[in-house]
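Trainee: Dropping a prediction and its sequence here:
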Amino acid sequence: MELEIEQAARTRALSHRWRYLWTFTSSLIFKFCDWQIVDHEDKLFGLKCRQFVDWVNHILKFHRDVTREVLEYILFVCPLLEELSILHSRSLVNFAVSGPSFKLKYLKIEGCFCLKSVDIYDANLVSFKYSGLKTYIAFKNTLHLVKASFDGPYARNFVKNFIQVSSYLLQLETLVLNLSWGLKKLRCFPRFPKLRNLRQFELMLNPGVSRLLCAYLLRASPLLRILKIEFWDFKDSTKETKIRRPKHLHKSLKVLELNGFVGCKADLQIASYILGSTVSLREIIIDPSHPNKWAPEDPDKQQLARTHARQHLETRLPFGTQLVLR
């Protein structure tokens, strides 16, 4: 059952017995959607805008930021809660999820810049996503965790300290790393342990991140089946990186997807390296659209990228591999 907040409030007036019925709904949506298609110069439009601003300001008067105590209380009174997202809290400093009694499976923490530590142990968590600054994150006895996603400055710190966090990485089936943020170059990497359960890997890169990372992670993931790479702000001037050919070919990779492909030397080098390092690839997908959906698109540049992909990659395709141009 899914209700918007105003709909939930209205059910209280229908019957005295229904007063608290809305608290048992499985999904509650907090949003304002009472907009009508009107002329921007119409008085009704201006009235709606003022009403919406007044409504938001009224709510903000009662706002108290989310703290650890609030979250612990929510988990306590909602024992069947499976998904929790904590966004842009300025008061959250420490957070912990512990005990198999909690049903929480999906946890997302984003933009909590005062956060110092996250402890998750003996939990049923399946998926964890963190986007933010460097912080202490510890997992212990999280046997069901199969997907992890890291974004922001923490993602770079995660790569640099891969060995220290690898104890819980070994069981992951899907890993997402967004390294597209930040101006500092990322050139040196530790020796990666074998990620023998990893099946899907998604990587977002900017020109400051060495393409060697792709090679190292491919070698460390012998059972990887899907590899997705996003190129952010790659240009013709982006330099190549010398990458040695692997001693052993990858035998599991089935799908290679390259988004934000521009056809420069750097992204062509990555594509060529992976094509020459696998024997099981079924398709390579080239998408020249910018990963940022708000960025302006240039159809001419996109067509040029497709042309470069066809010219440079089609002749290098392993037997049975299909080139898909979007």
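Mentor: Arrived safely. Computed from a prediction, not measured in an experiment: that's the story for all the values here.

Trainee: Lys105 contacts Ile120, doesn't it?
Mentor: No. Using C-beta atoms under 8 Å, Lys105 makes no contact with Ile120, being 11.9 Å away. Backbone N, C-alpha and C define where each C-beta goes, glycine included.

Trainee: Do a quick rundown of the helices in this structure.
Mentor: Counting by DSSP state H, one finds helices in the chain at the ranges 5-14, 43-61, 68-77, 153-160, 162-169, 212-220, 265-275, 299-313.

Trainee: Same drill for Lys105 and Ile120, tell me which one is more crowded.
Mentor: Ile120 (21 against 17; other C-beta atoms under 10 Å).

Trainee: Just list whatever residues bridge to the more buried one.
Mentor: Under DSSP bridges, the beta-bridge partners of Ile120 are Val97, Phe139.

Trainee: ok, it touching Phe102?
Mentor: No. With contact defined as C-beta under 8 Å, Ile120 and Phe102 do not form a contacting pair (10.1 Å).

Trainee: Now for Thr142, how many residues are close by?
Mentor: Thr142: 19 neighbours (other C-beta under 10 Å).

Trainee: What of Leu213?
Mentor: Number of residues near Leu213 (other C-beta under 10 Å) recorded here: 20.

Trainee: And for Val279?
Mentor: Val279: 13 neighbours (other C-beta under 10 Å).

Trainee: residue contacts, it?
Mentor: Leu249, His250, Lys251, Pro318 (C-beta atoms under 8 Å, 6 or more residues apart in numbering).

Trainee: I'd like the distance from it to Gln51, if you could.
Mentor: Distance, Val279 to Gln51, by C-beta to C-beta, to the nearest Å: 63 Å.

Trainee: Please apply the same query to Ser89.
Mentor: Taken as C-beta to C-beta, the span from Ser89 to Gln51 is 28 Å.

Trainee: more neighbours, the two?
Mentor: Per other C-beta under 10 Å, whichever of Ser89 and Gln51 has more neighbours is Ser89, with 21 against 12.

Trainee: wait, doesn't that one sit right on Phe95?
Mentor: No. Using C-beta under 8 Å, Ser89 is not in contact with Phe95, being 9.3 Å away.

Trainee: Name the residues contacting each of those two.
Mentor: Common neighbours of Ser89 and Phe95 (C-beta under 8 Å, 6+ apart) are Leu115.

Trainee: what about the strands in the stretch 101-250 of the chain?
Mentor: Ranges of strands in the stretch 101-250 of the chain, per DSSP state E, counting those that start in this stretch, are 106-110, 117-121, 127-131, 136-140, 147-151, 174-178, 200-205, 226-231.

Trainee: Compare those strands and give me the one nearest Phe162.
Mentor: strand 174-178 (10.2 Å; C-beta to C-beta).

Trainee: Please compute how far that closest one lies from its chain's middle.
Mentor: Between the centre of strand 174-178 and the centre of its chain there are 7 Å (C-alpha atoms, centre = their mean, to the nearest Å).

Trainee: ok, and for that strand, which residues are buried?
Mentor: Thr174, Leu175, Val176, Leu177, Asn178 (16 or more other C-beta atoms under 10 Å).

Trainee: How about stretch 140-152?
Mentor: Those would be Thr142, Leu145, Val146, Lys147, Ala148, Ser149, Phe150, Asp151, Gly152, for stretch 140-152 by 16+ other C-beta under 10 Å.
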